[in-house]
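> Structure for the following, please:
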Amino acid sequence: MGEPIIELRGLYKTFGTGDGEVRALSDINITVDAGDIFGIIGLSGAGKSTLVRCINLLERPTRGEVIVNGQSMTALSDKELRRARQSISMIFQSFNLLMQRTALENICFPMELAGVRREDARARARELLEVVDLPDKADAYPVQLSGGQKQRVAIARALASDPRVLLCDEATSALDPKTTRSILALLQELNRKLGVTVVVITHEMRVVEQICNRVAILERGVVQETGLVSDVFNNPQSAAARVLLRGAAADEDGEEAAKDVQ
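Sure, this is the predicted structure:
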């Protein structure tokens, strides 16, 4: 077990006020250790994306504490928060690449914002294209890339700041099963080789099963269960976990049937 790198303590998040108030998160307590690949899973509307955005304070919690790298994020000034966020990168379902920039230029973009010299940024971007196995796509524009290639460029861009934490918000949801497996394998490799801690937000149990070592089950903004993935899969303690496992089993049966037809 590593030292805690993310601690969420008594976290609440509400939107709106009065009669229109909606509570998205209630009393979230989660610890992610350095080196973990930690899954946060739940059905649509469970509060997963709100939770992950609270980790880097893109959403400010209504109440509670977020500690990352030993710093209480909620106590930082704006300048300190910008500095702290450099160690926390994020990748998204929609890739969020700049369409008018090449793959190399997309990876350079965060380094440009950080004031890195152009020559140094381009050299680092080429190194990162090697890391994500796209060395020949430096001059390609997003429109010329497949979905999996776009996500690899997005991952390379996320690594440009040498983060300690990589947040993945439904990062494989827009990809086909084969491409999903390759992206998950890449995340595993980055976790192993670079030591980056990965937090995976997903609604798919198979994603958690493939790469995560620990998992939290979220339902209606409340953590229903946390533990080792093997324990949760083999002996789920919550109704929410059992529903997700049944859904995963049904999906697998459907895929097998499709293979038989082919």
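
> and the residue nearest the centre of the chain, which of the three is it?
By Cα atoms, centre = their mean, the mean C-alpha position of the chain lies nearest to Cys168, the distance being 1.4 Å. Classification of Cys168 into helix, strand or coil gives strand, according to DSSP: H, G, I helix; E, B strand; the rest coil.

> gap between the residue nearest to Arg126 when sequence neighbours are not counted and Arg101?
Nearest-residue entry for Arg126: Ala138, 6.4 Å, with adjacent residues in sequence omitted and distances by Cβ to Cβ, 6 or more residues apart in numbering. C-beta here means a position set from N, CA and C on the backbone, and glycine is covered the same way. Separation of Ala138 from Arg101 (Cβ to Cβ, to the nearest Å): 11 Å.

> And for Leu25?
35 Å.

> the more surrounded of those two?
Per other Cβ atoms under 10 Å, whichever of Leu25 and Arg101 has more neighbours is Leu25, with 26 against 15.

> can you confirm that one is in a strand?
Yes - counting by three-state DSSP, Leu25 is located in a strand.

> quick one: contacts of the strand or helix carrying Ile91?
If you go by DSSP states H and E, Ile91 is part of strand 88-92. Applying Cβ atoms under 8 Å, 6 or more residues apart in numbering, the contact partners of strand 88-92 are 52, 55-56, 68, 151, 154-155, 158-159, 161, 163-171.

> And whichever helix or strand comes after it, what's buried?
Using DSSP H and E, the helix or strand that follows strand 88-92 towards the C-terminus is helix 103-113. Residues of helix 103-113 classed as buried: Ala103, Leu104, Glu105, Asn106, Ile107, Cys108, Phe109, Pro110, Met111 (neighbour count, 16 or more other Cβ atoms under 10 Å).

> just the residues you listed now: which is nearest Val215?
Among these, Pro110 lies closest to Val215 (Cβ to Cβ), at 29.3 Å.

> ok, the closest one touching Ala156?
No - taking Cβ atoms under 8 Å as the definition, Pro110 is not a contact partner of Ala156, at 10.6 Å.

> tally of neighbours for Pro142?
18.

> ok, now which ones touch the nearest residue to it once chain neighbours are set aside?
Closest residue to Pro142 in three dimensions, ignoring its sequence neighbours and counting by Cβ to Cβ, 6+ apart: Leu97, at 4.5 Å. By Cβ under 8 Å, 6+ apart, the contact list for Leu97 reads Asn106, Pro142, Lys150, Val153, Ala154, Arg157.

> Go again with 10 Å.
Neighbour list for Leu97: 103, 105-107, 109, 141-143, 145, 150-151, 153-154, 157 [criterion: Cβ atoms under 10 Å, 6 or more residues apart in numbering].

> Arg101 now?
Ile107, Cys108, Phe109, Tyr141, Pro142, Val153 are the contacts of Arg101 under Cβ under 10 Å, 6+ apart.

> Repeat that for Gln188.
If a contact means Cβ under 10 Å, 6+ apart, then Gln188 has Ile37, Val198, Gln210, Ile211, Cys212 as its contacts.

> Noted, bye for now.
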